[in-house]
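**Student:** any chance you can model this:
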Amino acid sequence: MKTHIKHTFIIGALGFCLAACSDFLDEKGYNTDYSYYETADGIETLVASCYQNGRGMFSTSNTPSGIIFQEIGTDMYTIGGDGGTDFALYTSTMNPSNETFSSFWTDCYNGVARANLGLQYIASNKDMKEDIKSIREGELKFLRTYYYSVLVIHYGDCPLLLQPIDKPIFNFTRAPQKEIWAQIIQDATDAYNLLPWADAEGKVTGDYGRVSKGAAGHLLAKAYMFRYSQKWAGSQSDSHMNEDRGAESTDLDKAIKYASAVCHFGSESGSGSLHELASDYSDLWRYNPKTGGPTPDDYAGSEILFNIQFSTDHFYNNQLATDVNTGGNWLHMMFTTQAEGMPMTTANGNGTESVKWGTSNGIGRDLITGRPWRRASPTPFLYEDNGLYGPQYYSSNKHGKLIDSRLYKSHIWVYYCNQAPNVTWTTFSNATGHFDPASIGETVGNQRYAIGDTAIVFSMEDVDKRFSKGAKSEKLAFARAIEPYWYIPMQSINRPGLNERSDRDVIRNTYSSLIKYLDSRRTSANDQSGYRDYFCYRLAETYIMLAEAFALKGDYTNSAAALNIVRERAAWKEGEEKTPNFYKYDGGNIANIKNPQ
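**Tutor:** Numbering: from 1, shown residues only. Below is the predicted model:
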């Protein structure tokens, strides 16, 4: 819903009396005239403005609060090598004055305040058609409860404000979690009943981006699942960690009901939901590592239940037209490796000293390589043999990297040379073996690649398993000697401690960049403001919640059926060509490069 956002401000006047030092500040408040919100146009503008408060979580901060709170510290991502995320180390910087706390809190409560104002004015509005009025009320109820769900998950007990505030208050009281969850479920239920399903294009009342019954149903399922999990959250070994979320015996059944309706699954297959998964997982990200993207634009389809929208129009992107470093979506910088200027060095490559392979890898910063702030790097769980794509999670005991396209379609595995390189062929020997470029038709001293060629390749390989001789560092050095590009096998490079950032050839500095937020539509590589939408709720997540809820009920048949819908979409399809990593490093057969495994 790339729509005009009208901002309102409360203006205060402060009078200072300077006659004597014993005088006090004389404060006078002036209320803004809100009569505009008594009109249909005013309500439309106010409802639209309630969406934009979610943007602040992903922009205009050294490290956006949404990353620290919602990504770093999970099983997938840890702090990157460029700093700015020490908050995640639980050091003394984790205190109430930290901007991360205050900005996240303020963004959410600003959203709550606008929603409360909208609900007050929409209740008495006589100028709006009743059917549209009901839908807008549903949007406001959803947005208020969305902001509260974010708050309670991250802060626990919070002030519960359901009416607009028109005068200063200095003694807010935190409400218990269980009261907030009860209100979240009430608001989300009201929204579910008031809102229509989105159409087949994901639009509501003609706009893509407005919330629908699908968004409310997803939030309800999530709230019921979160409340149900009190059975674990309320029985911690340390009693101070126990949480009372107000769980009820029917929570799991209600999570199944609403998730099933959104997915039009099983007994709820006649719900009326038109939401469908994108046919190809890569359609969601639309990024080509050689030409950039999104191509042709952000995905806008029925898999998305709720998103935070950004715009290529500066006016609608929370920024000035001439300021590329405020507003917009900053996530394109947060999960990005520093491909340019990478040192061509392998530490202890011959057991005792470093091996230097050249002086330039031929990659300079541009709109494709991006601006690499490296705030979030993948944990070993992403790339280890027994991690997220390990054989234990897939049928026939096959590695997920052979059959699951999501790994390769959501990361950049190849960087292409965009300036003159200096990486020459050379003979090399160590305990692992001896290599002569002539054995593969190359000549010592010649450049390994030229502009336009592959310059860097990442893989999931553990070279310790490829070679039988030599120390692990020697095997890495030898693997790099025989490749025509700078080779980065993730399982074989150094794994530093959380406080170590100096060495570039370590996982927290050197990793396959996450494609999901990359954006080459910016004017220059150093522009911080990006335009990607942030997908808050996707139908795939609803299916996964549904599968989990069925499993907790002991209904493994329906659990597998729901989960398999997501996994079947994720699988490589017949005739779809896989990345060369499939046969070069992952153990696949080149004859099956276009066949499902």
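
**Student:** could you pull out the strands for the stretch 301-450 of the chain?
**Tutor:** 304-308, 345-346, 355-356, 358-360, 376-378, 414-416, 422-423, 428-430, 433-435 (DSSP state E, counting those that start in this stretch).

**Student:** of these, which is nearest P391?
**Tutor:** Proximity to P391 (Cβ to Cβ) singles out strand 376-378 among the strands of the stretch 301-450 of the chain, at 19.3 Å. Yep, even glycine has a C-beta here, placed from its N, CA and C like the rest.

**Student:** if I pick the spatially closest residue to A198 that is not a sequence neighbour, what's in contact with it?
**Tutor:** Nearest non-adjacent residue to A198, counting by Cβ to Cβ, 6 or more residues apart in numbering: S212, 3.9 Å away. Neighbouring residues of S212 by Cβ atoms under 8 Å, 6 or more residues apart in numbering: 195-198, 204, 305.

**Student:** low-confidence bits of this structure, can you list those?
**Tutor:** Across the chain, residues meeting the criterion (pLDDT under 70) sit at 1-32, 60-61, 84, 86, 348-352, 501-504.

**Student:** mind doing that once more with 50?
**Tutor:** 2-22, 24 (pLDDT under 50).

**Student:** which residues sit against stretch 160-174?
**Tutor:** Identification of contacts with stretch 160-174 by Cβ under 8 Å, 6+ apart yields 29, 31, 109, 112-113, 116-117, 120, 148, 157-159, 175, 179-180, 183.

**Student:** please tell me I have it right and N329 contacts M57.
**Tutor:** No - the criterion here is Cβ atoms under 8 Å, and N329 misses it with M57 at 10.2 Å.

**Student:** higher neighbour count, these two?
**Tutor:** Comparing N329 with M57 by other Cβ atoms under 10 Å, the one with more neighbours is N329, at 26 against 23.

**Student:** put the buried members of the contacts of stretch 160-174 into a PyMOL selection.
**Tutor:** To isolate the buried members of the contacts of stretch 160-174 in PyMOL, using 16 or more other Cβ atoms under 10 Å:
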select buried, resi 109+112+113+116+117+120+148+157+158+175+180+183
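
**Student:** mind listing the helices for the stretch 451-597 of the chain?
**Tutor:** Counting by DSSP state H, counting those that start in this stretch, the segments of the stretch 451-597 of the chain that form helices are 472-481, 539-552, 556-570, 581-584.

**Student:** the strands in the stretch 51-200 of the chain, which residues?
**Tutor:** Using DSSP E, counting those that start in this stretch, the strands of the stretch 51-200 of the chain run over 77-79.

**Student:** all helices of it, in order?
**Tutor:** 65-70, 99-124, 130-155, 177-194.

**Student:** and if you look at the stretch 251-400 of the chain?
**Tutor:** All helices of the stretch 251-400 of the chain, identified by DSSP H, counting those that start in this stretch, fall at 251-262, 380-383, 400-403.

**Student:** got those as TSV, with mean neighbour count columns?
**Tutor:** Formatted as TSV, the helices of the stretch 251-400 of the chain follow (neighbours: other Cβ atoms under 10 Å):
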stretch	mean neighbour count
helix 251-262	24
helix 380-383	19
helix 400-403	23
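
**Student:** quick revisit: tell me which of the strands of the stretch 301-450 of the chain sits nearest to A551.
**Tutor:** strand 304-308 (21.9 Å).

**Student:** now for the closest one, which elements pack on it?
**Tutor:** helix 213-228, strand 534-538, helix 539-552 (3 or more Cβ pairs under 8 Å, 6 or more residues apart in numbering; DSSP states H and E).

**Student:** 7 Å instead, please
**Tutor:** helix 213-228, strand 534-538 (3 or more Cβ pairs under 7 Å, 6 or more residues apart in numbering; DSSP states H and E).

**Student:** give me the residues contacting it.
**Tutor:** Residues outside strand 304-308 that contact it (Cβ atoms under 7 Å, 6 or more residues apart in numbering) are 54-55, 58, 202, 209, 211, 214-215, 218, 275, 533-539.

**Student:** run the angle between it and helix 213-228 for me.
**Tutor:** 80 degrees (axes from the mean of the first three to the mean of the last three Cα atoms, to 10 degrees).

**Student:** adjacent strands (with direction) for strand 304-308?
**Tutor:** Using DSSP bridges, the strands paired with strand 304-308 are strand 534-538 (antiparallel).

**Student:** contact partners of the strand it pairs with?
**Tutor:** Contact with strand 534-538 is made by 58, 215, 218, 303-308, 329, as judged by Cβ under 7 Å, 6+ apart.

**Student:** and those, which two are furthest apart?
**Tutor:** The most widely separated members of the contacts of strand 534-538 are H218 and N329, with 21.6 Å between them, by Cβ to Cβ.
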